[in-house]
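Colleague: Provided below for reference: sequence and predicted model.
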Protein chains: 2
Amino acid sequence: MEMDWADNQIINTLQENARTSLDQLAHITGLSSATVQRRVKALRDSDVILREIAVIDPSKVGQRMSFVIMVELERERPDQIDIFVRRAMKDRQVQQCYYVTGEADFCLICTAKDMEDFEKLTHRLFFEDSNVRRFRTSVVMGRKKVGLGVFLDDER
Amino acid sequence: MEMDWADNQIINTLQENARTSLDQLAHITGLSSATVQRRVKALRDSDVILREIAVIDPSKVGQRMSFVIMVELERERPDQIDIFVRRAMKDRQVQQCYYVTGEADFCLICTAKDMEDFEKLTHRLFFEDSNVRRFRTSVVMGRKKVGLGVFLDDER
DNA sequence: TCATTTATGAAATAATTTTTCAATAAGCGC
DNA sequence: GCGCTTATTGAAAAATTATTTCATAAATGA
């Protein structure tokens, strides 16, 4: 999809606040609000904007802990990998699952109420899957930056 | 903040689609749209809903690569840690920065256009900071699940 | 150049959000 | 339980925001 400076501004702004009104975006870009609305629609239709979501504070809803988990599988056959991916993807406590190069096969970002809740998670994901060789857990002490932003060049 | 089943439904729904209208939320919860609007406002004001954002497809805006980087610092003094955190936080290509237990001190999730772009990132973040002992990079081959959702119990 | 397509802004329309207000429900002291 | 206060609720009005329409202007390309 063809994109210019105005689109970049729209994308950057909506990544910071998806509730920014078309009037505000019109002011930022110097376009009319009708044009901005068509630009936003095009960005949605072409899946540049994948979705618009509310970000919840996990600690405010009882999920007080976060974890980074590096997972090594026993066998790296595609079908074996797929079984693990499916299990991870459908688990609500797995926020992110990356298939990666290096020593580990996957990096997971997970949340849990407490350590007991985390232990249950490890059973669901790792002990019930005989193909998981080992996993290394890092407990998150500080969520210094948490986002999904890909911010674009502001230059005209 | 006191929260009931209707709030949970609102939270779960807005995490999937922040553009869900008050009428739709009213239908889901069985409340009036005026009440739902007040619930949503309360969730925003109390920072249960931290923000509402557009999620962009990185590959559609030229950021074709993602990386998981485990970072070890030389000295773990709070002021030294803070210097690194600040640098990581203000870098646009760092989507996430977790301060963690275990061998490494930090786990970063980063994006880059290509390997050259990534190399620049490592210089900015790691080589210019004499306090970084080492870092281990895992290149992301598959973004199997990417989100920030913390989904709540659906039971009444 | 001319024809065609595409993008634009102003205005009208539609949809959504926010406020107002009266009624009901929930807490609380006694 | 009774009376009092405070909270929460829904319907309707008001305000704001999003979308469509339509005529015009700019870009594209034979």
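Modeller: Perfect, thanks for sending it. Predicted, not measured: the structure shown is a model, and the values here were computed from it.
Colleague: quick one: contacts for residue A:99?
Modeller: The contact partners of residue A:99, taken as CB atoms under 8 Å, 6 or more residues apart in numbering or on different chains, are A:81, A:85, A:105-106, B:140-142, B:144. Yep, even glycine has a C-beta here, placed from its N, CA and C like the rest.
Colleague: Now, of those residues, which are buried?
Modeller: Neighbour-count burial (16 or more other CB atoms under 10 Å in any protein chain shown) is assigned, among the contacts of residue A:99, to A:81, A:85, A:105-106, B:140, B:144.
Colleague: ok, which pair from the residues you listed is furthest apart?
Modeller: For the buried ones among the contacts of residue A:99, the maximum inter-member distance is 14.3 Å, found between A:81 and B:140 (CB to CB).
Colleague: Name the residues that touch stretch A:123-140?
Modeller: So stretch A:123-140 is contacted by A:65-75, A:80, A:83-84, A:87-88, A:91, A:94, A:104, A:108, A:122, B:98-102, B:104, B:107 (CB under 8 Å, 6+ apart).
Colleague: The residues you listed in strands, which ones?
Modeller: Under the assignment DSSP state E, the contacts of stretch A:123-140 contribute A:65-73, A:94, A:108, B:98-100, B:107 to strands.
Colleague: Can you pick out the most distant pair from these?
Modeller: Checking the ones in strands among the contacts of stretch A:123-140 with CB to CB, the most distant pair is A:73 and B:99, at 27.5 Å.
Colleague: what's near enough to touch the spatially closest residue to residue A:106 that is not a sequence neighbour?
Modeller: Nearest residue to residue A:106 in three dimensions, chain neighbours excluded: residue A:71, at 4.2 Å (CB to CB, 6 or more residues apart in numbering or on different chains). With contacts defined as CB under 8 Å, 6+ apart, residue A:71 is in contact with A:84, A:104-108, A:126, A:132, A:134-135.
Colleague: Can you tell me which of those are buried?
Modeller: A:84, A:104-108, A:126, A:132, A:135.
Colleague: Residue B:12: which of the residues you listed is nearest?
Modeller: Nearest member of those to residue B:12, counting by CB to CB, is residue A:108, at 21.2 Å.
Colleague: Please work out which helix or strand belonging to chain A has the smallest mean pLDDT.
Modeller: Across the helices and strands of chain A, mean confidence by mean pLDDT, DSSP states H and E is lowest for helix A:78-90: a mean of 95.
Colleague: Let me see the mean pLDDT of the longest strand seen in chain A.
Modeller: Among the segments of chain A that qualify as a strand by DSSP E, the longest is strand A:132-145. The average pLDDT within strand A:132-145 is 98.
Colleague: Give me the buried positions along stretch A:74-81.
Modeller: Residues of stretch A:74-81 classed as buried by neighbour count (16+ other CB under 10 Å): A:80-81.
Colleague: What of stretch A:55-67?
Modeller: Within stretch A:55-67, judged by 16+ other CB under 10 Å, the buried ones are A:55-58, A:60-61, A:63, A:65-67.
Colleague: Could you do stretch A:19-28 as well?
Modeller: A:20, A:22, A:25-26.
Colleague: May I see the domains of chain A written out as residue ranges?
Modeller: A:5-45, A:58-139 (automatic domain parsing).
Colleague: In a markdown table, list those along with distance to DNA strand C.
Modeller: Shown next, in a markdown table, are those (distance: least, CB to the nearest atom of the strand, whole Å):
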| stretch | distance to DNA strand C |
| --- | --- |
| domain A:5-45 | 3 |
| domain A:58-139 | 20 |
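Colleague: and of those domains, who's closest to DNA strand D?
Modeller: DNA strand D lies closest, by CB to the nearest atom of the strand, to one member of those: domain A:5-45, at 3.4 Å.
Colleague: Show the average pLDDT along the closest one.
Modeller: 98.
Colleague: is that domain up against chain B anywhere?
Modeller: Yes. On the criterion CB under 8 Å from any CB of the partner chain, domain A:5-45 is in touch with chain B at A:11, A:14-19.
Colleague: how far away is the residue lying closest to residue A:142 once chain neighbours are set aside from residue B:89?
Modeller: Leaving aside its sequence neighbours, residue A:142 sits nearest to residue B:99 (CB to CB, 6+ apart; 3.6 Å). Distance from residue B:99 to residue B:89, counting by CB to CB, to the nearest Å: 11 Å.
Colleague: Overlap in contacts, these two.
Modeller: By CB under 8 Å, 6+ apart, the residues touching both residue B:99 and residue B:89 are residue A:144.
Colleague: Many thanks, I have nothing further to ask.
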